[in-house]
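1. requesting a structural model of the entry that follows:
(2 chains)
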Amino acid sequence: MTPAELASVVLAAAHAVFEQRGLDRAALPASTVVERPRNPEHGDYASTLALQLSKKVGVPPRELATALADELGRAAGVKSVDIAGPGFLNIRLDAAAAGQLARVIVETGAEYGRSDRLAGEKINLEFVSANPTGPVHIGGVRWAAVGDALSRLLRATGADVGTEYYFNDAGSQIDRFARSLLAAAKGEAAPEDGYGGAYIAEIAAEVQARRPEVRSLDDDAAQEVFRVEGVALMFDEIRTSLRDFGVEFDTYFNEKDLHDRGELDLALARLRQQGHLYESEGATWLRTTDFGDDKDRVLRKSNGEWTYFAADCAYYLDKRERGFERVVIMLGADHHGYIGRMKAMSACFGDDPERNLEILIGQLVNLLRDGAPMRMSKRAGTVITLEDLVEAIGVDASRYALARYSSDSPIDIDIELWTKAKNDNPVYKVQYVAARTAGVARNAAEVGLVRGDADAFRPELLDHEKENTLLKALAQFPAVVATAAELREPHRVARYLEEDIAPSYHRFYDDCRVLPRGDEEITDLHRARLWLNDATRTVVANGLFLLGVSAPERM
RNA sequence: GCGCCCGUAGCUCAGCGGAUAGAGCAGGGGACUUCUAAUCCCAAGGCCGCAGGUUCGAAUCCUGCCGGGCGCACCA
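-> Below you'll find the model as predicted:
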């Protein structure tokens, strides 16, 4: 029995009790959940339904709990129900009912953990969105890992997801980039406001190799060649490194398209129609202060040029017009000042900024070498890039390290820790479970131990304490996935794997031998434990997949 | 000054209103003729920054304060 099934049983019992006592069934919730108590003495699962309902229907919680316990105790698969404290229901399951979960998980396979919780939601996820003026730096990499994991989570819960990378290949930053390339090609120092770093010289050289005639052009013409070719090379490099990182986007959206299609004018017209525009000092302003922003924002400058924010408005409108009910944008902490104006802009379009626009802010990332942060400077060209990180600790460790922390928490990635082949390296800790379960399955096959027909599976034999604990941990997976998706917090999956699944599996492994020893006969218990081993393998593999991390067969 | 984030064990961090607040690491003590010891077991470690409030119940929600990080452009 899964927790979701048990929750339904609890709710059904509540309906029965309410009917018997003539209570108002409208007070009952549409659904309920059972919790897994920390303390095993409090049963396999606990329900707080009696506590929640007692005030609504004016029945003391203990009395309600007693009635619920009587009813629930008669349900199939329920071994016992105790009442504790103010009115907790502590429920124990039959070993057979609990053990069946191993079979459910194995048979569900890669689908285990998926749900339709977010079915019908159309969600746009924008992340990384670095302009092609340099390699993806470590802050962008955080979002590559978290954003990609989030897209997997949202899809696993049934949402219709579109991932998106927004870039601009025409702005003044690109001009600086082009001037920097030109300067490098001429052997000059980078311009005052330009970009430094070895990659500039490399790209300048590559452009010259592709377009040798650039040497004979005047500066203006040459700069244009460097701009066009340099941006193409840079963007190509970004896409390649992201692909090597396991991240590809459904849409690569170019700001230029918004301009070419006249979408900025459209957005402006729409905002004017909503009555939030005004002219002042020759510029066109959006009255974002109507919706809580610190100050109003310029859309079109007095010189007739659009602001970057105007393009943001058009881009938001574009996403909404493409049918995305929820527009999610992931930004670094240094951009948190954008939240106010973006939310206000959404409201100016007549949207509900709480529902239609989510802005996720990620705190900064440091890379630690020998315990000291490697400081970044864009001017000096000492940015830490995606390649630097991957080169230092590898793709799996990078993705795991970036995805295992709450986005609200700044991250220090210690190179020494994340390259250790030890249990204090979290990614090894989790991958080791994947490898160990795979190893047990291999060894089982070698000695002729196979799970056999599902009909022959004897779930009631999984009654060891460590087996029970592992089963309960495995049972949590769908709830963990659903919560992580709803809260946009992929780190919950990582923490679950390393703090819940890994320890419970190792304890099971230590106390409950799966394989027969020597020429010991193969019994139903061996087979039942193999079901449990393979169920664990399934959950770890599914969980790591959601994080974009491999589940190795051996290590 | 205003805004956002953070403050939980020595360190790094979990903890979407529930019971005695958890994990890993570090430090102490144990377990390898055994399916991967990359593991496990035992012990130790806490005014959940402070003060109020809401609640049957608060680390969690609200208010104020203290401390730290970041941000406050007709830049991109």
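2. is the longest helix along chain A in proximity to RNA strand B?
-> Under DSSP state H, the helix in chain A containing the largest number of residues is helix A:219-244. No: if you take CB under 7 Å from any atom of the strand as the test, helix A:219-244 misses RNA strand B, and the best it gets is 12.5 Å. (C-beta placed from N, C-alpha, C; glycine too.)
3. just the residues contacting the next helix or strand after that helix, thanks.
-> Heading C-terminal from helix A:219-244, the first helix or strand you meet, by DSSP states H and E, is strand A:251-254. Contacts made with strand A:251-254 from outside it, assessed by CB atoms under 8 Å, 6 or more residues apart in numbering, are listed as A:162-169, A:239, A:315.
4. next: stretch A:208-225.
-> Identification of contacts with stretch A:208-225 by CB under 8 Å, 6+ apart yields A:178-179, A:181-182, A:185, A:207, A:226, A:229.
5. secondary structure, neighbour count and pLDDT for the contacts of strand A:251-254 - can I get that in a markdown table?
-> Conversion of the contacts of strand A:251-254 to a markdown table gives the following (DSSP: H, G, I helix; E, B strand; the rest coil; neighbours: other CB atoms under 10 Å; pLDDT from 0 to 100):
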| residue | secondary structure | neighbour count | pLDDT |
| --- | --- | --- | --- |
| A:162 | strand | 17 | 97 |
| A:163 | strand | 24 | 96 |
| A:164 | strand | 24 | 96 |
| A:165 | strand | 23 | 95 |
| A:166 | strand | 22 | 94 |
| A:167 | strand | 20 | 91 |
| A:168 | coil | 21 | 87 |
| A:169 | coil | 20 | 85 |
| A:239 | helix | 17 | 95 |
| A:315 | helix | 22 | 96 |
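6. out of the residues you listed, what pair is the most spread apart?
-> A:162 and A:169 (21.3 Å; CB to CB).
7. for the stretch 351-500 of chain A, which residues are neighbours of RNA strand B?
-> Taking CB under 7 Å from any atom of the strand as the criterion, the stretch 351-500 of chain A approaches RNA strand B at residues A:361, A:363-364, A:405-406, A:408-412, A:421-424, A:426, A:428-429, A:432, A:435-436, A:438-440, A:443, A:479, A:483, A:486-487, A:489, A:491-492, A:495, A:498-499.
8. just the ones of these in helices?
-> Of the positions in these, A:426, A:428-429, A:432, A:435-436, A:438-440, A:443, A:479, A:483, A:486, A:491-492, A:495 sit in helices, assigned by DSSP H.
9. picking that back up, show me which of the contacts of strand A:251-254 is closest to RNA strand B.
-> residue A:168 (5.2 Å; CB to the nearest atom of the strand).
10. is it true that that closest one touches residue A:256?
-> Yes: the pair residue A:168 / residue A:256 is scored as a contact, 7.4 Å apart, by CB atoms under 8 Å.
11. so how do I select the buried members of the ones in helices among the residues of the stretch 351-500 of chain A next to RNA strand B in ChimeraX?
-> The buried subset of these, as determined by 16 or more other CB atoms under 10 Å, is captured in ChimeraX by this line:
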select /A:426,428,429,432,435,436,438,439,440,479,483,491,492,495
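12. among the ones in helices among the residues of the stretch 351-500 of chain A next to RNA strand B, which one sits closest to residue A:463?
-> Sorting these by how near they are to residue A:463, with CB to CB, puts residue A:440 at the top with 20.0 Å.
13. surely the closest one and residue A:512 touch.
-> No: taking CB under 8 Å as the contact criterion, residue A:440 and residue A:512 are not neighbours in contact, 11.1 Å apart.
14. can you give me the neighbour number for the residue in the stretch 401-550 of chain A positioned nearest to RNA strand B?
-> The nearest approach of the stretch 401-550 of chain A to RNA strand B comes at residue A:423, 2.0 Å away (CB to the nearest atom of the strand). Applying other CB atoms under 10 Å, we find 12 other residues in the vicinity of residue A:423.
15. residues contacting it?
-> Residue A:423 makes contact with A:429, A:432, according to CB under 8 Å, 6+ apart.
16. now with 10 Å?
-> Under the criterion of CB atoms under 10 Å, 6 or more residues apart in numbering, the neighbours of residue A:423 are A:429, A:432, A:498, A:502, A:506.
17. same question for residue A:298.
-> Neighbour list for residue A:298: A:280-281, A:283-286, A:305-307, A:309-310 [criterion: CB under 10 Å, 6+ apart].
18. swap in 6 Å and give it another go.
-> Shown in contact with residue A:298 (CB atoms under 6 Å, 6 or more residues apart in numbering): A:283, A:285, A:307.
19. ok, these vs residue A:263, which is closest?
-> Proximity of the contacts of residue A:298 to residue A:263 (CB to CB) peaks at residue A:307, which lies at 14.5 Å.
20. against residue A:275, how distant is that closest one?
-> Separation of residue A:307 from residue A:275 (CB to CB, to the nearest Å): 20 Å.
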